[in-house]
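1. Okay, here's the prediction I keep looking at, along with the sequence it came from:
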Amino acid sequence: MGFPKDFFWGAASAAHQVEGAYLEDGKGLGIWDALAGGRVAHNENGNTACDHYHHYKEDVALMKDLGLKHYRFSVSWPRVMPDGTGRVNEKGLDFYRALVDELGAAGIEPMVTLFHWNLPYALHQQGGWKNPAIIEWFAGYVEVVTRALSGRVRYWMTLNEPQCFAGLGYEVGEHAPFQQEPESLPAVTRNVLLAHGRAVQEIRRNAQQTPHIGMAPTGSLYMPRDESPAAVEEARQLCFSALGGSFSIAWWCDAPYLGSFPEDVCRRLGVKELFSPGELAQIHQPLDFFGFNLYHAVGLPVPGSAYDSTRYQGSPRTSMDWPVVPEALYWGAKFLTERYKLPLLITENGMGSNDWVMLDGQVHDPQRIDYLHRYLRELRRAVDAGFPVMGYTYWSIMDNFEWAKGYDQRFGLVYVDYRTQKRTCKDSYYWYRDLIASNGANLL
Ligand code: BGC
């Protein structure tokens, strides 16, 4: 069998991680611009990043040469609406108009994420995701972007990883706005999910061509210990339980995709009910695909050991210290499509490492090739088993600003020298190019 002919092979980025030009052409400040000082490794920031704002033509040319079918990128809310609401910055929109035109000319399908974390600072000062007014603030921004870009854009994702911007942003305090306020989680959860529902309505109301809409969540995916029916069932139960706290999958996905909200999450939040039936209906808008960012899986405890079932002494890990668990793509495809009953788009998968330009002027990254090869074999296994998988998106097209970890972590297929902005295609870029050209036929 193998991958269907129209399989979407892609790569991704996010505005704040690549664009730079953080004060140019009328852009406003986002929370990562305004609040990250001193909270990022080496005191780094996204002010210049990959300067993609000025290098986008060169970057799209590399994507074209790579043979990408789609490119997933995000629109920066503060670039388009510097104060978050009201005034629209046409120059900011022009950048995205030019980018989607360039992608169109290269034959690459643009896929837009509407919110990938850099909330306008002006809105943070009014409470950000804690303030219910954000539901309409977001709807207003989504209307502006949909009107401007939907002539070219058909694929939309409302939110990237609520698990992270809510959990790491408001509970753990590792990501902007760097708050440790677990008590704000019920309000943040309500506002995020209601904003998602409103955004879907706005996209459908304003789109100039039939939109395909999803989200790009992530979450704790538990791996079965073995393939016995009992072990698979145990893992499935854990996957959709509240065990992972704000990183649990059902917390953020059940309401948009199923129209229900998990009771065990309510218990965890200390509330009897978080949404009225009318609110759940508002969140549960029709969606077209199930996007998911999937890098690894959570292992089950191994009795008498400090390790778990995905790790062992000396087991493979990326430079993020994330375990290499290729089977995550197979089990993810199975569990997620069986529960949410929509085609799955892997909206992110990839690995960070400390790549460098070698003496021969090339970037040799055999680990990334091996990682990709192993993960994609498992994705093919899922396709062969009949689970509806519509595409795969490598994170990331190029090295970029890895949030609180700064620039040490390189996820790209393209290496970026931040001193000169010189791009060098890594070995994995060429490997992925062959993979796309053969539609996965070169996988062992
Ligand atoms: C995010 C990306 C991030 C990547 C690697 C995801 O959590 O959506 O912005 O760079 O994973 O950490």
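-> Sure, I can see it. Computed from a predicted structure; not experimentally measured.

2. The helix of greatest length in the chain packs against which elements?
-> Longest helix in the chain, counting residues (DSSP state H): helix 185-206. Packing contacts for helix 185-206, counted by 3 or more C-beta pairs under 8 Å, 6 or more residues apart in numbering; DSSP states H and E, involve helix 134-149, strand 155-160, strand 212-216, helix 249-258, helix 263-269, helix 277-283. To be clear about C-beta, it is placed using only N, CA and C from the backbone, and glycine gets the same treatment.

3. Reformat those into JSON lines and put mean neighbour count, distance to Thr347 and mean pLDDT next to each item.
-> As requested, the helices and strands packed on helix 185-206 are arranged in JSON lines below (neighbours: other C-beta atoms under 10 Å; distance: least, C-beta to C-beta, whole Å; pLDDT from 0 to 100):
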{"stretch": "helix 134-149", "mean neighbour count": "21", "distance to Thr347": "18", "mean pLDDT": "98"}
{"stretch": "strand 155-160", "mean neighbour count": "25", "distance to Thr347": "7", "mean pLDDT": "99"}
{"stretch": "strand 212-216", "mean neighbour count": "25", "distance to Thr347": "4", "mean pLDDT": "98"}
{"stretch": "helix 249-258", "mean neighbour count": "24", "distance to Thr347": "13", "mean pLDDT": "98"}
{"stretch": "helix 263-269", "mean neighbour count": "16", "distance to Thr347": "23", "mean pLDDT": "97"}
{"stretch": "helix 277-283", "mean neighbour count": "16", "distance to Thr347": "20", "mean pLDDT": "98"}
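
4. Can you lay out the ones you listed as CSV showing distance to Phe7?
-> Shown next, in CSV, are the helices and strands packed on helix 185-206 (distance: least, C-beta to C-beta, whole Å):
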stretch, distance to Phe7
helix 134-149, 24
strand 155-160, 14
strand 212-216, 15
helix 249-258, 22
helix 263-269, 34
helix 277-283, 30
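
5. for the ones you listed, which one sits closest to Pro303?
-> helix 263-269 (24.7 Å; C-beta to C-beta).

6. tell me the average confidence for the longest helix of the chain?
-> Here helix 185-206 scores 98 as its mean pLDDT.

7. Tell me which of the helices and strands packed on helix 185-206 lies nearest to the ligand.
-> The ligand lies closest, by C-beta to the nearest ligand atom, to one member of the helices and strands packed on helix 185-206: strand 155-160, at 5.1 Å.

8. Which positions in the protein make contact with the ligand?
-> Ala14, Gln17, Asn160, Glu161, Cys164, Asn293, Glu348, Trp395, Glu402 (C-beta under 6 Å from any ligand atom).

9. For the residue nearest to Val416 when sequence neighbours are not counted, give me its contacts.
-> Closest residue to Val416 apart from its sequence neighbours, by C-beta to C-beta, 6 or more residues apart in numbering: Asp399 at 4.4 Å. Residues in contact with Asp399 (C-beta atoms under 8 Å, 6 or more residues apart in numbering) are Cys50, Asp355, Tyr407, Arg410, Phe411, Gly412, Val414, Tyr415, Val416.

10. Residues touching stretch 237-249, excluding its own?
-> 163, 166-167, 171, 185, 217-222, 250-251, 254, 262, 264-265, 267-268, 298, 300, 335-336, 339.

11. The same query, at a cut-off of 6 Å, please.
-> Around stretch 237-249, the neighbours that count as contacts under C-beta atoms under 6 Å, 6 or more residues apart in numbering are 163, 166-167, 171, 219-222, 250, 264-265, 268, 335.

12. Likewise for stretch 274-289?
-> Here stretch 274-289 has contacts from 193, 197, 200, 212-214, 255-256, 259, 261, 266, 342-343, 345, using C-beta under 6 Å, 6+ apart.

13. run the last query once more with 8 Å
-> 186, 189-190, 193-194, 196-198, 200-201, 204, 211-215, 255-261, 265-266, 342-345, 390.

14. now do stretch 227-235
-> Residues contacting stretch 227-235 (C-beta under 8 Å, 6+ apart): Tyr222, Met223, Pro224, Arg225, Leu300, Trp331, Phe335.

15. what's the burial count for the third one?
-> When neighbours are counted by other C-beta atoms under 10 Å, Pro224 registers 23.

16. How about the fourth one?
-> By other C-beta under 10 Å, the residues close to Arg225 number 16.

17. Thr310 is in contact with that one, correct?
-> No - between Arg225 and Thr310 no contact is recorded; they are 10.4 Å apart, counting by C-beta atoms under 8 Å.

18. Am I right that Ser396 is in contact with Tyr415?
-> No - between Ser396 and Tyr415 there is no contact under C-beta under 8 Å: 11.5 Å.

19. between these two, who's got more neighbours?
-> Neighbour count, other C-beta under 10 Å: between Ser396 and Tyr415, Ser396 has more, with 24 against 21.

20. In space, what's closest to the more buried one - neighbours in sequence excluded?
-> Phe411 (4.6 Å).

21. Check the one you found and give its pLDDT.
-> The model's pLDDT for Phe411 equals 99.

22. Same question for the one 3 residues further on.
-> The model reports Val414 with a pLDDT of 99.

23. Which residues are in contact with the closest residue to it other than its chain neighbours?
-> With sequence-adjacent residues excluded and distances taken as C-beta to C-beta, 6+ apart, Val414 is closest to Met398, at 4.0 Å. By C-beta under 8 Å, 6+ apart, the residues touching Met398 are Ser13, Val18, Cys50, His52, Asp59, Leu62, Gly412, Leu413, Val414, Tyr415, Val416, Arg423.

24. for the residue of the chain most remote from its centre, phi and psi?
-> Distance from the C-alpha centroid of the chain peaks at Gly304, with 35.5 Å (C-alpha atoms, centre = their mean). Listed backbone geometry of Gly304 is phi 80, psi 10, with angles given as degrees, to the nearest 10.

25. now Leu344
-> The phi/psi pair for Leu344 (degrees, to the nearest 10) is phi -90, psi 130.

26. Counting neighbours, what do you get for it?
-> Neighbours of Leu344 using other C-beta under 10 Å come to 27.
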